[in-house]
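Novice: here is a sequence together with a model predicted from it:
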Amino acid sequence: MEASEGGNGVGGGQRVALLSISIDLGAGRRGVDMGPSAIRIAGLSEALGALGYEVEELGSVMASGPETLTLGQSQARYLNEIRETCARSRELLLDGMESGAFPLILGGDHSLSIGTVAAVADHHRRRGEPLGLIWVDAHADMNMPETSPSGNIHGMPLSVLTGRGPESLVSLGEHVPAVDPRHVSVIGAREIDEAEKRNVVESGIRVFTMSEIDERGLAACVDEAVARASDGTAGFHVSFDLDGLDPMVAPGVGTPVAGGITYREAHLICEKVARSKKLVSLEVVELNPVLDLGNRTAQLAVVLIESALGKTIL
């Protein structure tokens, strides 16, 4: 794809505030803590520079390894350390956004979103506007400790952000819930735990399953998600879990589920959110280099970030 002018479709000017969060405590298998490094090795900074962006490094948040920690509650594994990591991430991101740069976060397992989304939501709520949220994922991430079959917190962040879950996580930001469920959509879901389904229905979020996407078409579903996330908000944050993609396209993820979003569909999502002019922040999570093939999934992450930040075919 040819690059258009840097910044096309993205608010916040020509600067990107880049934050890496290395954590795999919320996941069921090791390795996603190395995801941010793999994306950087795949040429992210060079790609952003080619689009005309200046990169401001906010640094890296490094969670401790599970070998040095106490597991804690089996229904919410490593809760205290995850809370601490999310709190540090939130503070760094809040400070970084003060300059007006566009926040770009690299992860790490999806539990990190408890801190990052809270930060972006707090930043905009201080200015009198709520935040919308688009969650691209094979999973709804709406479990709570009492419904989770694994106790892995990377299956709980969207529940926490919409106001339900462990109190120490729900109260991390300045407002509960961090995001209003009326402004939240999940795109690409195809594996939802039985008890979790009730949480989804009760929450009021909108879930576009792969079945609905197949029937209606991805473009219509994304348009609806963008409208929902933009209605009366400052704009929206996109949290892109790479397991939302089909494993044939993105093999380097820890929880692959067959039948996912294709390469072309992934670019369409990113191009549509860029064209909306309502994208205020972006994160890409759950890349596991240990399971990747020749850094292929990391390279895909880079080109999807390019599309979300304004790169177009013409």
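Specialist: Sure, I can see it.

Novice: which other helices and strands contact the helix or strand where Ser307 lies?
Specialist: Using DSSP states H and E, Ser307 sits within helix 296-308. The contact analysis (3 or more Cβ pairs under 8 Å, 6 or more residues apart in numbering; DSSP states H and E) places helix 296-308 against helix 35-41, helix 44-50, strand 236-241, helix 263-275, strand 279-285. The C-beta positions use only the backbone N, C-alpha and C, and glycine is treated the same way.

Novice: tell me which residues of it are tucked away?
Specialist: Neighbour-count burial for helix 296-308 flags Thr297, Ala298, Gln299, Leu300, Ala301, Val302, Val303, Leu304, Ile305, Glu306, Ser307, Ala308 (criterion: 16 or more other Cβ atoms under 10 Å).

Novice: close enough to count as contact, the last one and Val238?
Specialist: When you say that, I think you mean Ala308. Yes - if you go by Cβ atoms under 8 Å, Ala308 and Val238 touch, sitting 6.7 Å apart.

Novice: which neighbours do the two share?
Specialist: Both Ala308 and Val238 are contacted by Val273, Leu279, Leu282, under the criterion Cβ atoms under 8 Å, 6 or more residues apart in numbering.

Novice: tell me which residues form a beta bridge with the nearest residue to the first one once chain neighbours are set aside?
Specialist: Using Cβ to Cβ, 6 or more residues apart in numbering and skipping the chain neighbours, the partner closest in space to Val273 is Leu279 (4.8 Å). Leu279 has the following beta-bridge partners by DSSP bridges: Val10, Phe236.

Novice: now Leu279: how far from Ser45?
Specialist: 20 Å (Cβ to Cβ, to the nearest Å).

Novice: who has more neighbours, the two?
Specialist: Leu279 (28 against 15; other Cβ atoms under 10 Å).

Novice: on that earlier part again, just the buried residues of helix 296-308 now: which is nearest Pro130?
Specialist: Ala308 (21.2 Å; Cβ to Cβ).

Novice: before we move on, the earlier item: wait, the residue nearest to Val273 touches Thr233, no?
Specialist: No - shown here, Leu279 and Thr233 do not form a contact pair, counting by Cβ under 8 Å, at 11.6 Å.

Novice: tell me the confidence at Leu104?
Specialist: Predicted confidence (pLDDT) for Leu104: 98.

Novice: counting by contacts, list what the helix or strand containing it packs against.
Specialist: Assigned by DSSP H and E, Leu104 belongs to strand 102-107. Using 3+ Cβ pairs under 8 Å, 6+ apart as the contact test, the elements touching strand 102-107 are strand 15-22, helix 35-41, helix 79-97, helix 113-125, strand 279-285.

Novice: mind putting those in JSON lines, mean pLDDT and distance to Val200 included?
Specialist: Converted to JSON lines, these look like this (pLDDT from 0 to 100; distance: least, Cβ to Cβ, whole Å):
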{"stretch": "strand 15-22", "mean pLDDT": "97", "distance to Val200": "26"}
{"stretch": "helix 35-41", "mean pLDDT": "98", "distance to Val200": "26"}
{"stretch": "helix 79-97", "mean pLDDT": "97", "distance to Val200": "22"}
{"stretch": "helix 113-125", "mean pLDDT": "98", "distance to Val200": "17"}
{"stretch": "strand 279-285", "mean pLDDT": "98", "distance to Val200": "20"}
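
Novice: and of those, who's closest to Asp292?
Specialist: Proximity to Asp292 (Cβ to Cβ) singles out helix 35-41 among the helices and strands packed on strand 102-107, at 7.0 Å.

Novice: flag every buried residue along the closest one.
Specialist: Neighbour counts using 16+ other Cβ under 10 Å place Gly35, Pro36, Ser37, Ala38, Ile39, Arg40 of helix 35-41 among the buried residues.

Novice: ok, the fourth one - contacts?
Specialist: Looking back up the chat, that one is Ala38. Gly252, Leu287, Pro289, Asp292, Asn295, Thr297, Ala298.

Novice: model confidence score at the third one, please.
Specialist: Looking at Pro289, its pLDDT stands at 97.

Novice: again, but for the fifth one
Specialist: With respect to pLDDT, Asn295 has a value of 96.

Novice: how far away is the residue nearest to the spatial centre of the chain from Val285?
Specialist: Nearest to the mean C-alpha position of the chain, by Cα atoms, centre = their mean, lies Ser239 at 2.2 Å. As for Ser239, its distance to Val285 is 7 Å (criterion: Cβ to Cβ).

Novice: okay, and the common contacts of those two?
Specialist: Counting by Cβ under 8 Å, 6+ apart, the residues touching both Ser239 and Val285 are His110, Ser113.

Novice: how about the nearest residue to Leu304, chain neighbours excluded?
Specialist: Using Cβ to Cβ, 6+ apart, the closest residue to Leu304 is Cys270 (5.2 Å).
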